[in-house]
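>>> I need the structure of the sequence given here:
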Amino acid sequence: MADNGGGSIINTGSGWGLKGGDLAAAYCAVKGGIVNLTRAMAIDHGHQNIRVNSVNPGDTDTAMLRDEGVQTGLVKDAESREAYLKDCGTGRPLARIGQPEDIANAVLFLASDLSGWVTGAALVVDGGGLS
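Now for the predicted structure:
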């Protein structure tokens with residue numbers, strides 16, 4: 001990347017890497033490590049015109065979140081799945097669960113020239129949940 005004049009590295013963290021969560025100490029530690037690895041890499045590689053940022057999603061309608069609902073017993077059928085996903089979206093300013101496209105759009109921004117002066121950032125994409 002350095003030999004080609006620079007570029008953009010985007011790491012995937014989590015909102016839980018910025019604020020701990022219950023029963024998830026190892027997950028929070030790893031995601032927090034990604035956020036700080038991102039910051040350190042931004043310092044190390046800025047002189048090579050390599051930008052390093054992280055995208056940190058909140059609850060997003062993915063297999064991981066759906067599996068969590070099943071494992072905790074909150075999801076037993078299609079009806080309880082919809083209720084679970086709706087509940088995951090409550091308590092945040094935008095009042096909905098994230099969609100994979102929401103995260104993809106943030107990644108596209110960080111990869112584009114529109115973010116040409118952004119490095120070392122931990123972009124939170126969570127509908128305002130950490131606000």
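>>> Show me what secondary structure element comes after the lengthiest helix in the chain.
With secondary structure taken from DSSP state H, the chain has its longest helix at helix 25-45. Downstream of helix 25-45, the first helix or strand assigned by DSSP states H and E is strand 50-57.
>>> ok, residues contacting that next one?
1-2, 6-15, 17-18, 31, 34-35, 38, 41-42, 45, 98, 102-103, 106-107, 110, 115-116, 118-126 (CB atoms under 8 Å, 6 or more residues apart in numbering). Where C-beta positions appear, they are placed from N, C-alpha and C, glycine not excepted.
>>> make it 6 Å
1, 6-15, 35, 38, 41-42, 103, 106-107, 110, 119, 121-125 (CB atoms under 6 Å, 6 or more residues apart in numbering).
>>> Same check on stretch 4-21?
1, 28, 31-32, 34-35, 38, 49-56, 58, 107, 110-111, 126, 130.
>>> Could you list the buried residues of it?
Ser8, Ile9, Ile10, Asn11, Gly13, Ser14, Gly15, Trp16, Gly17, Leu18 (16 or more other CB atoms under 10 Å).
>>> Quick check: the first one is in a strand.
Yes: counting by DSSP: H, G, I helix; E, B strand; the rest coil, Ser8 is found in a strand.
>>> give the contact list for Gln99.
Asp61.
>>> 10 Å instead, please
Thr60, Asp61, Thr62, Asn105 (CB atoms under 10 Å, 6 or more residues apart in numbering).
>>> quick one, phi/psi of it?
Torsion angles at Gln99 (phi, psi; degrees, to the nearest 10) stand at phi -110, psi 150.
>>> What distance do you get for it to Gly21?
The gap separating Gln99 from Gly21 is 21 Å, by CB to CB, to the nearest Å.
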